[in-house]
Structure formats: structure tokens, C-alpha cells
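**Q** could you look at this predicted model? Sequence included:
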Amino acid sequence: MSDSGQMGVTADLHIHSRFSRACSSQLTIPNLEKWARVKGLDLLGTGDFTHPLWNKELRQELKDDGSGILKTPNGFRFVLTSEVANIFTQGGRGRRVHNVILAPGFDVVEQINTALLKRGRLDYDGRPMFGFSCAELVRMMKDISGEIEVIPAHAYTPWFGVFGSESGFDSLKDAFLEQEKHVHAIETGMSSSPEMNWHVSELNTRSIVSFSDAHSFWPWRLGREATIFGKAESYNDIIDAIRRDKIAGTIETDPAYGKYHWDGHRLCNFSCPPAESRRLKGVCPVCGKGLTIGVEYRVEQITDQPTDKHPSRKPFHKMLPLHEVISAVKSWPLAGRKTWEVYNRLIESFGNEFNVLLHASKQDMVNALPQEALLVELILQNREGKINVKPGYDGVYGAAVVGEEKEKERRSSPVRAYSKQKGLADFIPDCS
């Protein structure tokens, strides 16, 4: 276990392989293990167990001792997970909902894949699409094994969240019908926080979990959101914590950092908070078309209680990835050489990123970076969730703001060009 284990077992159970659309071609088990250790993660989901080629690699490279926790030769731990897209019609409108599936072993995964193959193809994408409902997915999984867990992914994102403005529902009951009783958790997604979810009474009896939905292994993606388990020696430990709402807490980005926090139009370079959207009647003032309604607005729409009525308000850390903090202070590209140099010095000094973000003392960081007093101060502010973030909208990530001029410089910096030059296939669409 990494030093981040002083918090518990830190897990990112929603990721993807290189066989998923718009994901890094360098996503392999060795790379995932390497960068999970750099991040400070103790446990990863495999992602994409439905894809035949990735499934074959998982069987070759990971060993199951019967606990449901798979291990690499170096002892890093994985749990079998995958994501499916349910695209269907219900309630008189088209629905598109992503769901994460957790499975206890390869034998159950084989049964899952056999059942799904009767309904569609699995070989074209690590996140396959099916034309049946969320309720039917849960029913199918429960017919295979009561140990399978289905979790609605990035629950509020407009296009593929169970509560999303474009194709979602107003309640889990509406989405999952009689199978709602088998839905024990939702994934917040980057654009919402646990605190926002405490406003929804339907979630009072469910775990609120956070995972990255990473499309690459780079540390500003992998583990940017994670769930902390008090114990995870077996698959049953994980499922028990989820089903009994016994998770220890979560690691979150500021929800404004997510790509769908506010409402707006990417092509029009326009964004606004919910109050302004209501004033505009949901119409973009630039082009006259409907705005993409974001997560903050949707949470307001389904809010039915004050946060203090939620019975299980788990602690959570709200912070930006370390690369974002360095980039914001220095106005350097996120994936630039100089950003990596500072990042690597901190990792060499403190072992992993979570130790830097959560545990390293001010004096120790000053000793490691004697010329970087402002950066050290911002890391400490980040630890307390005090960095100002310009909200993301309509597929545009939010950004840390350290003075308006630094924000302008950072927004115009050649991050994409640098990444393409280096082959870092990371700046690609996702549902965060």
C-alpha cells in the first residue's frame, strides 16, 4: 500500500483501456500500475472487461487469488470493472445513460459477456452500446450474480448521465424502475461534488462515490477523483462498503473544474450560472440556440432537501491535480517540460502525488522547492479547497485562476500542440 494508505485504501474504479474510443493508445496494465503508484492510488478498476482483446490481456497479466482482487506480478491491485452505454427510449424520449459494472471474478465476467453478446457486439469499443434500458441491464446482471454491482456513471453530465439534462431522468426510480432497489451508489462525476448530492433525498440511503473516468494514465487524469475505502482486502469488502454506505470518504476536484459544471455554448465561447440561464430562458445570446444545461443547474432542479438532512455526509477532499496547480502558478503548459520537472522533484521528495497534495508539510515543501514559495502556498490553498476555479461548460474544462493575466496566458498556452508532439493522446473528449 502507498503512503496515501494513511487515509485508507484509495481507489479509482472507473477508467478505460486503449480499446475504448478516444483513449490513449498507451493504456496498458504496466503503465496503469506505474502511474497509479506515482499518483498514490492503492487500487484500480480494470475498465473495459467487455472488450475481448483487453479481457485477454487482463487474464494474462493479472492473477486472482480467489478474493476478487487481481494482482500484477509486482503486487498492484485491480478490480474487474467495465462501462456500458444504454441508449434507449423511455417515457416518450430518447435516453443515453452510462453505467459502470463491477464483477467479482473472471468466471462472472465471462457470463456477463456471454449475455451481452446476445444483445450486441463487444469488439468495436471498450465501452459498448446497447439498445436496452437501465432497468434491463440491472435485471440481466442480477440474474447472473447477486455480487455484480451496477453504478450510474458521472450521474449529472448532460449527454450520458442518469440525471443529465439532455437524455437523463429526474430520479433513479424513473430510470431503473423496479430495479432501483439494486442501485446502491451513484458516481458524482467531476462536475458535481458530494455536497451538491446531499441536496437529493433519493441519495440518502446510497453511497456517493467518485472515480476519474480516465481516458489516459497521466496523473492529471488518473485518480483525479477517487473513493477511499477503510478496508479492501477482497471484492466483498468493496461491495459491502458500497452497499452499506460505509466508504471512508472521497477525493474530488472542485466541481467547477469539470467540463459540464455551468451552462453554455463551447463554439460561442459563452458560459453562465443557472440564474443567468433562467433569465435567458436557456437560449444562447450569441447564436440563439439552446444552451447545454450543466450540472449545477440540474442539481438545483432535482434538489428537495437542505444538505443537513442527508444522514451520511462523508468527508471529502476537494482539490485540483498537482499538474494543474503548477501550471496555474507558473503559466506553463499543463504537460510542458518545465511543469514535469517541478512535478518530478516533488514526487522524488514525497513519494507520490497524494502525499504532496494532502500530507507534506509546508517546511518540507519549501526545503524541496526553495525558490517556489508561491507554489508551496498554492499547494496548501489547494489542500483546503481554496483555489478559485473558472467553471467548465459544454465540454470545456474549468481552470484554476491565479490572477487574470496568468489565466489568459495559460488558456492560450500550447498544451495540445505539445501533447501531440510527444504522442500523449490525452486531450480527447470524455464525460467528466
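**A** Great, that's in hand. Residues are numbered from 1 along each chain as shown.
**Q** how many residues are close by N344?
**A** 11 (other Cβ atoms under 10 Å). To be clear about C-beta, it is placed using only N, CA and C from the backbone, and glycine gets the same treatment.
**Q** tell me the SS of it?
**A** With DSSP: H, G, I helix; E, B strand; the rest coil as the basis, N344 sits in helix.
**Q** distance-wise, check it relative to N352.
**A** 12 Å (Cβ to Cβ, to the nearest Å).
**Q** swap in K181?
**A** 39 Å.
**Q** got a list of what P311 touches?
**A** Counting by Cβ atoms under 8 Å, 6 or more residues apart in numbering, P311 makes contact with N204.
**Q** would you say it is within a helix?
**A** No - going by three-state DSSP, the assignment for P311 is coil, not a helix.
**Q** what's the separation between it and E178?
**A** Counting by Cβ to Cβ - P311 and E178 are separated by 25 Å.
**Q** now swap in T28 and tell me
**A** Distance, T28 to E178, using Cβ to Cβ: 41 Å.
**Q** who's more crowded, the two?
**A** It is T28, of T28 and E178, that has more neighbours when counted by other Cβ under 10 Å, with 16 against 10.
**Q** so how many other residues sit close to the nearest residue to that one once chain neighbours are set aside?
**A** Counting by Cβ to Cβ, 6 or more residues apart in numbering, T28 lies nearest to R18, which is 7.2 Å off, once chain neighbours are set aside. The local packing of R18 (other Cβ under 10 Å) involves 22 other residues.
**Q** wait, G45 touches H16, no?
**A** No - G45 is not in contact with H16 according to Cβ atoms under 8 Å; the separation is 9.4 Å.
**Q** how about the strands in the stretch 101-250 of the chain?
**A** In the stretch 101-250 of the chain, the strands defined using DSSP state E, counting those that start in this stretch lie at 129-130, 149-152, 185-187, 207-209, 226-229, 249-252.
**Q** which of the ones you listed is buried the deepest?
**A** Of all the strands of the stretch 101-250 of the chain, strand 226-229 has the most neighbours on average by mean count of other Cβ atoms under 10 Å, namely a mean of 28.
**Q** more crowded one of G45 and H16?
**A** Neighbours were counted for G45 and for H16 using other Cβ under 10 Å; H16 has more, 29 against 25.
**Q** shouldn't that one be in contact with A214?
**A** Yes - using Cβ under 8 Å, H16 is in contact with A214, at 6.8 Å.
**Q** how many neighbours does the closest residue to C268 other than its chain neighbours have?
**A** Nearest residue to C268 in three dimensions, chain neighbours excluded: V286, at 3.7 Å (Cβ to Cβ, 6+ apart). V286 has 12 neighbours, counted by other Cβ under 10 Å.
**Q** V286 and D263: what is the separation?
**A** Counting by Cβ to Cβ, the gap from V286 to D263 is 13 Å.
**Q** now do F176
**A** On the measure of Cβ to Cβ, F176 and D263 end up 27 Å apart.
**Q** with L280 instead?
**A** 9 Å.
**Q** what about these two, which has more around it?
**A** D263 (30 against 14).
**Q** is that one in a bridge, and if so with what?
**A** C272 (DSSP bridges).
**Q** thought it was touching T292?
**A** Yes - the criterion here is Cβ under 8 Å, and D263 meets it with T292 at 6.5 Å.
**Q** overlap of the contact sets of these two?
**A** By Cβ under 8 Å, 6+ apart, the residues touching both D263 and T292 are 393-394.
**Q** how about the CA coordinates for stretch 352-369, as PDB?
**A** Included here for stretch 352-369 are C-alpha records, laid out as PDB according to Å, rounded to 0.1, in the frame of the first residue of the first chain:
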ATOM      1  CA  ASN A 352       3.500  10.200  -4.700                       C
ATOM      2  CA  GLU A 353       1.200  13.000  -5.600                       C
ATOM      3  CA  PHE A 354      -1.400  12.400  -2.900                       C
ATOM      4  CA  ASN A 355       1.300  12.800  -0.300                       C
ATOM      5  CA  VAL A 356       2.200  16.200  -1.800                       C
ATOM      6  CA  LEU A 357      -1.400  17.300  -2.100                       C
ATOM      7  CA  LEU A 358      -2.600  16.100   1.300                       C
ATOM      8  CA  HIS A 359       0.200  15.400   3.700                       C
ATOM      9  CA  ALA A 360       3.600  17.200   3.000                       C
ATOM     10  CA  SER A 361       4.400  19.900   5.500                       C
ATOM     11  CA  LYS A 362       5.000  23.500   4.400                       C
ATOM     12  CA  GLN A 363       8.500  23.400   5.600                       C
ATOM     13  CA  ASP A 364       9.300  20.200   3.900                       C
ATOM     14  CA  MET A 365       8.000  21.500   0.600                       C
ATOM     15  CA  VAL A 366       9.900  24.700   1.000                       C
ATOM     16  CA  ASN A 367      13.100  22.600   1.500                       C
ATOM     17  CA  ALA A 368      12.300  20.600  -1.600                       C
ATOM     18  CA  LEU A 369      11.500  23.700  -3.700                       C
END
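**Q** residue contacts, the residue nearest to T28?
**A** 24-28, 54, 126.
**Q** in which helix or strand would I find it?
**A** Counting by DSSP states H and E, there is no helix or strand that carries R18.
**Q** how far away is it from E61?
**A** 14 Å.
**Q** quick one: the strands of the stretch 101-250 of the chain as TSV, columns for distance to Q381 and mean pLDDT too.
**A** TSV is the format used below for these (distance: least, Cβ to Cβ, whole Å; pLDDT from 0 to 100):
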stretch	distance to Q381	mean pLDDT
strand 129-130	42	98
strand 149-152	32	98
strand 185-187	27	98
strand 207-209	25	98
strand 226-229	21	98
strand 249-252	16	98
